[in-house]
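[1] Prediction below, plus the sequence it came from.
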Amino acid sequence: MAQQRQPTAPSAEPTPHVAVQQQPERREPIRQFILKTHSRCNLACTYCYLYAGQDAGWRDRPRTAAPEVARATAHRIAEHAAAHGLREVAVVLHGGEPLLAGADRLAADVERLRRTVPSTVHAAVQTNATLLTADRIARLRDARIRIGVSLDGGRPAHNTARVDHAGRPAWPAAAAGLRLLARTAPEAYAGVLCVADLRHDPVAVYESLLDFAPPAIDLLLPHGNWTTPPPGLPAPPTDPAPYGRWLTAVFDRWWAADRRETRVRLFEECIALLLGVPAATERLGLQPFTAVVVETDGSIEQVDSLKSAYEGAAATGMDVFHHSFDQVLAHPGVAARQAGLAALGAECRACTLVEVCGGGHYAHRYLAATGFRNRSVYCADLTHLIRHISAHLSTAATPLPRQATQ
Amino acid sequence: MEAEPHGGASAPDVLGLDLETLRTVEHPVLAALVSDLRERVAAPGGEALWGFDNSM
């Protein structure tokens, strides 16, 4: 297979985002609001795309959202939901580490949203689990906030990059918090988010996560791009899709079980797309991306993963005090992420896998000279994964030949 | 420039498959997933609530 190549550089466009013409009435409303409840984290994971990455903007943000930010956010979401007749919206309490704001504060924020927004408000928090206690879990559960945990495997050795600011392993507290969640509030347990690490055996990582009885897991690729490649890329010619192979090893183990032991979002959304079903992910498929972030100072931003590209990549220049979410929809970056095929370069548009791959995660397409109109830096890996899953899907769907009767 | 980087062969054609075709599939993992996807299709639009990948 050809070694992974950097995209060629045509003349630079004035914006890194692909310019798309989109009539306001064709824009999809925002459905998912990521609310930063705390701008700091009690951990200092060495690979963190936020605190160890290109963008240092977090340093200038208040640690927590002031009451007026929370009120303005709730009113803006309500305004948007009413304007678009949204029956449901989702909020994700995020950070940093959102539990640094306290479980009571998180519950109060969600309660305010449910009083203010004229829609069903689905709420979730994404935590490193180190601050989970029985009381906090109960508080979140009782506030109908589902709890997702970030952990890179079910063994200490899988989590050596997850350390606190003194370099001490987060594992003991994280594992304890996760066990407590699984044992005391399975109804609130959303699952585990795991970042793939090529140094760790993929099947061992997957099986160790099963020990925590997650209803679902997801396997994320480390954020990186053509200008700042992720670990292990560019791949050598002898192993052009290392992440693809890592993921398909997990897929084979998951697929071969005698029952579905857990849901694996990446695999399930890939299969959904192969079957022509709308997908619930931002890193596969051509469906519009309908999530934005509200920072602790009220700034409205695109998702943090863009910050892995360059400083300020997620900024929109808008905030909840002065701008509606409808205005945010007109931002070039937000519009590009709703534009499907129109946001992709010629290579992707010509690819037979494009309707499933979708160009991969937007942040992974970045090259400083050309912006985001490129193949994913993980193109080879995604190709490997999609073809592998497609082949297994085809085999599983093919009835076995009947044996001839005597 | 290659039309398809990384090998050339397309994904196997699964376009003939759909949820109705797979309703009685025996593969346990696929059967469980097909059941979920049938619910998703029956109540469209909900997937837009969960596109953000850095949360569960």
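    Cool, got the structure. Residues are numbered from 1 along each chain as shown, chains lettered A, B, ... in the order given.
[2] What is the burial count for A:Arg162?
    24 (other C-beta atoms under 10 Å in any protein chain shown). Glycine gets a C-beta too; all of them are placed from N, C-alpha and C.
[3] per-residue pLDDT, it?
    Here, the pLDDT recorded for A:Arg162 equals 93.
[4] That one and A:Phe325: what is the separation?
    33 Å (C-beta to C-beta, to the nearest Å).
[5] any weak-confidence spans in the chain?
    Since you didn't name a chain, this refers to chain A. Scanning chain A for pLDDT under 70 picks out A:1-14, A:21-22, A:402-406.
[6] Chain B, not that one
    In chain B (pLDDT under 70), the answer is B:1-16.
[7] Looking at it, what residue ends up closest to chain A?
    Across chain B, the shortest distance to chain A (C-beta to the nearest C-beta) belongs to B:Met56, at 3.0 Å.
[8] quick check, A:Leu193 in a strand?
    Yes - assessed by DSSP: H, G, I helix; E, B strand; the rest coil, A:Leu193 belongs to a strand.
[9] so is the residue most central in space within chain B in a helix, a strand, or just coil?
    In chain B, the centroid-proximal residue (C-alpha atoms, centre = their mean) is B:Leu37; its distance is 7.9 Å. Classification of B:Leu37 using three-state DSSP returns helix.
[10] does A:Gly148 really touch B:Asp53, like I thought?
    No - look at A:Gly148 against B:Asp53 with C-beta atoms under 8 Å: they stay out of range, at 11.2 Å.
[11] Residues in contact with both of these two, list them for me.
    When contacts are counted by C-beta atoms under 8 Å, 6 or more residues apart in numbering or on different chains, the set common to A:Gly148 and B:Asp53 is empty.
[12] and A:Asn327, how many neighbours does it have?
    Actually, residue A:327 is Gln. It isn't Asn. 13.
[13] do the same with A:Gly312
    Neighbours around A:Gly312, by other C-beta under 10 Å: 14.
[14] For A:Asp55, see how far away it is.
    Applying C-beta to C-beta to A:Gly312 and A:Asp55 gives a distance of 7 Å.
[15] ok now do the residue of chain B closest to chain A, which residues does it touch?
    A:124, A:126, A:146, A:148-149, A:190-193, A:216, A:218, A:265.
[16] If we ignore the residues flanking it in sequence, what's nearest it?
    In space, and not counting its chain neighbours, B:Met56 is closest to A:Gly148: 3.0 Å by C-beta to C-beta, 6 or more residues apart in numbering or on different chains.
[17] Run a quick neighbour tally on that neighbour.
    Neighbour tally, A:Gly148, other C-beta under 10 Å: 25.
[18] cool, the one 10 residues further on as well?
    The burial metric for A:His158, expressed as a neighbour count using other C-beta under 10 Å, is 22.
[19] List, one by one, the residues from the stretch 101-250 of chain A near chain B.
    With the criterion set to C-beta under 8 Å from any C-beta of the partner chain, the stretch 101-250 of chain A comes near chain B through A:122, A:124, A:126, A:146, A:148-149, A:190-193, A:216, A:218, A:220, A:240-241.
[20] out of those, who's nearest chain B?
    Using C-beta to the nearest C-beta, those come closest to chain B at A:Gly148, 3.0 Å.
[21] where does that closest one land in three-state SS?
    strand.
[22] That one: what's it in contact with?
    With the criterion set at C-beta under 8 Å, 6+ apart, A:Gly148 makes contact with A:124-127, A:190-193, B:55-56.
[23] Would you quantify the distance from A:Asp135 to A:Asp104?
    Taking C-beta to C-beta, one finds A:Asp135 at 10 Å from A:Asp104.
[24] quick one: which of the two has more around it?
    In this view A:Asp135 and A:Asp104 are compared by other C-beta under 10 Å, and A:Asp104 has more residues nearby, 13 against 10.
[25] In contact with the more buried one: list those residues for me.
    Counting by C-beta under 8 Å, 6+ apart, A:Asp104 has contacts A:Arg139.
[26] Can you name the helix or strand that it falls in?
    Per DSSP states H and E: A:Asp104 is located in helix A:103-116.
[27] Could you check that helix and say which residues are buried?
    By neighbour count with 16 or more other C-beta atoms under 10 Å in any protein chain shown, helix A:103-116 contains the buried residues A:103, A:105-107, A:109-110, A:112-114, A:116.
[28] now for the residues you listed, which pair is the farthest apart?
    Using C-beta to C-beta, the buried residues of helix A:103-116 span at most 20.4 Å, a distance reached by A:Ala103 and A:Thr116.
[29] Endpoint to endpoint, stretch A:163-182 covers what distance?
    22 Å (C-alpha to C-alpha, to the nearest Å).
[30] swap in stretch A:130-139?
    16 Å.
[31] mind listing what's buried in it?
    Neighbour-count burial for stretch A:130-139 [16+ other C-beta under 10 Å]: A:130-132, A:136-137, A:139.
[32] those helices in chain A, which residues are they?
    A:67-84, A:103-116, A:134-142, A:171-184, A:202-210, A:242-255, A:265-274, A:325-329, A:332-336, A:346-349, A:354-357, A:379-397 (DSSP state H).
[33] Tell me which of those sits nearest to A:Lys307.
    Using C-beta to C-beta, the nearest of the helices of chain A to A:Lys307 is helix A:332-336, at 12.1 Å.
[34] There's contact between the residue nearest to the centre of chain B and A:Ala272 in this structure, I believe.
    Yes - with contact defined as C-beta under 8 Å, B:Leu37 counts as touching A:Ala272 (5.7 Å).
[35] number of nearby residues for B:Ala48?
    23.
[36] Ignoring the adjacent residues along the chain, who's closest to it?
    A:Arg31 (4.5 Å).
[37] Can you list phi and psi of the one you found for me?
    As for A:Arg31, its main-chain torsions (degrees, to the nearest 10) stand at phi -120, psi -20.
[38] quick one: contacts for it?
    A:86, A:88-90, A:290-291, B:48-49, B:51.
[39] For PyMOL, write a command that selects the buried ones of those residues.
    Selection of buried members from the contacts of A:Arg31 for PyMOL, criterion 16+ other C-beta under 10 Å:
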select buried, (chain A and resi 86+89+90+290+291) or (chain B and resi 48+49+51)
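[40] Name the nearest of the contacts of A:Arg31 relative to A:Ala166.
    Nearest member of the contacts of A:Arg31 to A:Ala166, counting by C-beta to C-beta, is A:Ala291, at 33.6 Å.
[41] any idea how far the residue nearest to A:Pro288 when sequence neighbours are not counted lies from A:Phe325?
    Closest residue in space to A:Pro288, ignoring its immediate chain neighbours: A:Gln338 at 3.8 Å, by C-beta to C-beta, 6+ apart. The gap separating A:Gln338 from A:Phe325 is 13 Å, by C-beta to C-beta.
[42] More neighbours: which of these two?
    Taking neighbours as other C-beta under 10 Å, A:Gln338 and A:Phe325 compare with A:Phe325 leading, 22 against 18.
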